[in-house]
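Colleague: Okay, sequence plus prediction incoming.
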Amino acid sequence: MSENINKDKLGRLWHWFEHIKPYLILTVIPLLFTLLFGGAFSPVANSDVPVIIYDMDGSNESRQLVGFFADYPYLNISETANSMADIEDAMLSGRALGAVIVPDGFGHDLQTQSGAELLVMQDSSNFMNMSTIMQAASNISGTMNAAIRLKLLEAGGILPEPAMQNVLSLSVVDRGLYNPTYGYLYFLFPALLAIFVQQTFLAAASPYLIEKKQLMRLAPSVRQSFGQVAGRLLSFALAGTLGLFICIMALHYVFAYPLRGSFQLILLVHMPFLLGICGMTLLIAAIFDDVTHCTQFNMFLTIPSLLCSGYAWPEYMMPEAFKAVAIRIWPLYYYANPLRSIIMKDADFSMVAPYAQGGLWFAAFWLPLGICAYAYKVSLLRKIEE
Amino acid sequence: MSHIIAWFYRFKKRHPYLVMSVLIYGLVPLVVGLALGYEMHDDSPVHIPTVVVNGDKSQFSRDFINYVDETAYFDIAFQADNTAQAERLIQEGQALAGIIIPEDFYKNLLGGKSPDILLLYDGSQLAVVSVAKMALSEIMLNMNGAYLQKIFAAKLGVMPSELMSQVLPVSVTYQNMFNPTKSFRYYLLPGMLLAILQVGMVMLGAERGYESRRLYARDFGRHLQNLALWSLLATLGMMLCLGVQLVVFGLPYRGTVLGGVLLLAVYALTITAMGYIVGSVVPERTFAVQLAAILVLPTSVLGGYTYPLTAMPAVYQSIAKLLPYTYLGSDIRSLCLKPMALQHVMPHISFLALYALVEILLLLGIKLLLGWLHKPQNSPKEAVL
């Protein structure tokens, strides 16, 4: 008896979960992913990059140089090599991502002012590690060189202050606009937000549309059902919008993500995107009859749609023909790029308007097509049923 | 037209496995591989649209700007009057880098007043920044060296033959190993394509696991058969995807072929088994597939493939050690770019094999438990394949 009651309770609980599942997908899942990825990318510096050192010289000067590398905050001198074979093995197996080789005679060359040489090898298969190692070697050698040059100039009779100015020579100042630390968190999150909106809408709306399609196959009249579909899609769109703003707030308050643009402009590109993605969802739901297979297809879209949107790979580098096709068959281009401009660069209306317009044109084509395809599929299923 | 659609509808209904397998292991690898390979066939961001503010107008600064423009990396597309204008062009996305040369730059340089050159980068475009920063640093280093040679020659009377060793007492030679052209495509695509495919692998695994949920421990051979078959298909799908890059877009493959095949095969087994376990325990088919996909989707980011693990907090580094993708992504890129031998990739293959073994044992445990909880009702018709 009690077992039946428990089963009944479980059944009701499951039914309730099924009912609210799409709304959880649209609001809670993006928040969880925001917290997960935000935590991963929160440190803005790449530290502890493993580097192997091969000091062939063993002089005081070379030991001092090795000490500079050991003390450098972003490197981790993980190993000391005794031969080039050690270096090769460490770099091939991934134990070291860079190598500093101090050749024999380094100290002698430095003392006799005959130009000492240093070889730095960096694994350039990962750009972030490569640039960390190069930056470290450049800073260390630059500091050493400046100190030696200063001594030489002072020894040549030049007063310390002018000597210092000559040593500094050109002062190159780097400024990373909108992302001064070149942090991955700042760069990636606008794209992730766009992907969250896209994928959660697809995940929430497609199963509903497919199940509704099967129900409409048997229904005596479909007019009222189409009204219900429109109402439900609208509720998904609203929940998706809420999910987006929850994520933006979480980013801002939990990870101190600077928000520069206006929410109105975000909505300006968000609304056409929702219309466009709604059209694509209707089309996909018209093609698939199995919810699971449709889910599989939707999940596949995550990474390719991002890589084809002009976000990770710069838009100006996309082949024209590719871009022409990519922006006409999927709407993420009109959303991820302006979202980045608004959130990171405080873009104004004039910068965002072309994307909003493009998104509207996209929706103007694909939404009616999606509606027609869905309605056609319903009528086809009804015919097959008859 | 409607006849064709109706025929396809019936065919899909009759042969769902065939249609989805062809789609996930054949069509998706082919289409995605071709599309992304074509999109990134230029390898690295070049001809970066750059804005210049030349407040100096000397021959030296003009030569410098021409020199930058002549490199493959930069295209001096705009001349702005001031920094604000340059920043506006970058904000609008028309320029992605900027060089600001101040007034009287050359005069101050000759006077030893250490003038500033300001380099601006659009920090919202990291792929471009990484290339632009490296290229401009190299240019500035050369320019600095030339300037210092003049100073040392003029002020210390150093002989030309000794100039270099005094200007640069320690000269650093940088050697870009394994990816000398700094190809962004080589850096991104090999692992990212497999990250796309692993989603399909885990979802099909979950679907098969769900369909076989009424087969318990005494039918464990059928589960192993399922895992073996779907892992084999997944391996072939990944090989097809990488093959497209190798054959059509010239992606190098310098490592051990045997190691690569073993890595893909054992990874396919690991991911398929992961999905299979999820499908065996989650009571609803679509939810099982969604859950399985959500388990592996974030690993393409958390596995340290693009954003290095060394840059993540310690707790994420510990989690990453438990993610199979951590061992696949960087290794498959390394196999493409480095002359790796079997011994270099073997530790990760062994780890993934151990991972798969633990998953299979876990599956056995689950089946024993479920078999004990439920009376076995399986019939031969329910056996999957």
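Modeller: Structure received.

Colleague: The stretch 1-150 of chain A: strands as residue ranges?
Modeller: A:49-55, A:75-80, A:98-102, A:116-123 (DSSP state E, counting those that start in this stretch).

Colleague: So which of these is nearest B:Gln198?
Modeller: Counting by Cβ to Cβ, B:Gln198 lies closest to strand A:116-123 out of the strands of the stretch 1-150 of chain A; the figure is 24.0 Å. In short, each C-beta sits where N, CA and C put it, glycine included.

Colleague: quick one on the thing from earlier: rebuild the strands of the stretch 1-150 of chain A as JSON lines, extending it with distance to chain B and mean neighbour count.
Modeller: Below are the strands of the stretch 1-150 of chain A laid out as JSON lines (distance: least, Cβ to the nearest Cβ, whole Å; neighbours: other Cβ atoms under 10 Å in any protein chain shown):
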{"stretch": "strand A:49-55", "distance to chain B": "5", "mean neighbour count": "23"}
{"stretch": "strand A:75-80", "distance to chain B": "8", "mean neighbour count": "17"}
{"stretch": "strand A:98-102", "distance to chain B": "8", "mean neighbour count": "26"}
{"stretch": "strand A:116-123", "distance to chain B": "5", "mean neighbour count": "22"}
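
Colleague: measure the closest residue to B:Gly371 other than its chain neighbours to B:Ala292 for me?
Modeller: Residue nearest to B:Gly371 in three dimensions, not counting chain neighbours: B:Tyr216, with 3.2 Å by Cβ to Cβ, 6 or more residues apart in numbering or on different chains. According to Cβ to Cβ, to the nearest Å, B:Tyr216 stands 21 Å off from B:Ala292.

Colleague: still on that earlier bit, measure the residue nearest to B:Gly371 to chain A for me?
Modeller: Between B:Tyr216 and chain A the computed distance is 21 Å (Cβ to the nearest Cβ, to the nearest Å).

Colleague: And B:Tyr216 and B:Ala292? Which one has more around it.
Modeller: Applying other Cβ atoms under 10 Å in any protein chain shown to B:Tyr216 and B:Ala292 shows that B:Ala292 carries more neighbours, namely 30 against 22.

Colleague: who touches A:Ala205 in this structure?
Modeller: A:Ala205 is in contact with A:Pro22, A:Arg232, A:Leu233, A:Phe236, A:Cys278, A:Thr281, A:Ala285, counting by Cβ atoms under 8 Å, 6 or more residues apart in numbering or on different chains.

Colleague: Including neighbour count and secondary structure, could the residues you listed go into JSON lines?
Modeller: JSON lines is the format used below for the contacts of A:Ala205 (neighbours: other Cβ atoms under 10 Å in any protein chain shown; DSSP: H, G, I helix; E, B strand; the rest coil):
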{"residue": "A:Pro22", "neighbour count": "22", "secondary structure": "helix"}
{"residue": "A:Arg232", "neighbour count": "16", "secondary structure": "helix"}
{"residue": "A:Leu233", "neighbour count": "19", "secondary structure": "helix"}
{"residue": "A:Phe236", "neighbour count": "23", "secondary structure": "helix"}
{"residue": "A:Cys278", "neighbour count": "24", "secondary structure": "helix"}
{"residue": "A:Thr281", "neighbour count": "26", "secondary structure": "helix"}
{"residue": "A:Ala285", "neighbour count": "27", "secondary structure": "helix"}
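
Colleague: Go through those residues and name the one nearest chain B.
Modeller: Among those, A:Pro22 lies closest to chain B (Cβ to the nearest Cβ), at 11.3 Å.

Colleague: Any stretches of chain B with poor pLDDT?
Modeller: B:1-2, B:375-385 (pLDDT under 70).

Colleague: Appreciated, that's everything.
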